[in-house]
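Asker: I'll drop the sequence and a predicted model, then ask my questions.
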Amino acid sequence: MPGMMFQGELKKNNSTVKVRLILFHFIDENKVHILFSPHIDISGSGYSLYDAKKSFEIALSDFFDYTIKKKTIKDLLKEYGWKFKENIKKPKEFKVPDIADVIAKNKHVSEILNNYPVQTIHKDYNVPAFV
């Protein structure tokens, strides 16, 4: 479903790392389109999928801008279950948590899956490498 893919890329000093996240797309009882990333607990919404994508892009950009400036991004991602490895060959390597772990730990994700027909989208995108 290429029309539903999130086409975002985040760059900071041209240093990024590609990660694969799952986005949930669903329409709530008010006919509002929601795009939600359970790996980073961010969503965007709008009365069309296009509007939801734009809203998601803004929320994602704000998330990274704010948490990087406050120097809380690594702690927050660890709280969400992300793993970080550093070694000589690969200075930074991220491991996004398995979706089953995210569902088990986040009641909000379970509620979405239990109450709405959800389409899942696997999307690779870049996050700042200095996390």
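Answerer: Arrived safely.
Asker: Poorly predicted segments of this structure, please.
Answerer: 1-18, 86-93, 123-131 (pLDDT under 70).
Asker: just the strands in it please.
Answerer: 16-27, 33-37, 42-46, 83-85, 93-95, 119-128 (DSSP state E).
Asker: Neighbours of residue 44, how many?
Answerer: Residue 44 has 21 neighbouring residues, counting by other C-beta atoms under 10 Å. The way it works is simple: take the backbone N, C-alpha and C, and place the C-beta from them, glycine included.
Asker: Pull the contacting residues for it.
Answerer: 34, 35, 52, 53, 54, 55, 56, 57, 58, 59, 60 (C-beta atoms under 8 Å, 6 or more residues apart in numbering).
Asker: ok, 10 Å please
Answerer: 6, 23, 33-37, 51-60 (C-beta atoms under 10 Å, 6 or more residues apart in numbering).
Asker: if we can go back for a sec, deepest in the core, which of the strands of the chain is it.
Answerer: strand 33-37 (a mean of 23; mean count of other C-beta atoms under 10 Å).
Asker: outside of it, which residues touch it?
Answerer: 4, 6, 21-28, 42-57, 59-60, 63, 80, 102, 108-109, 112, 116, 118, 121, 123, 125.
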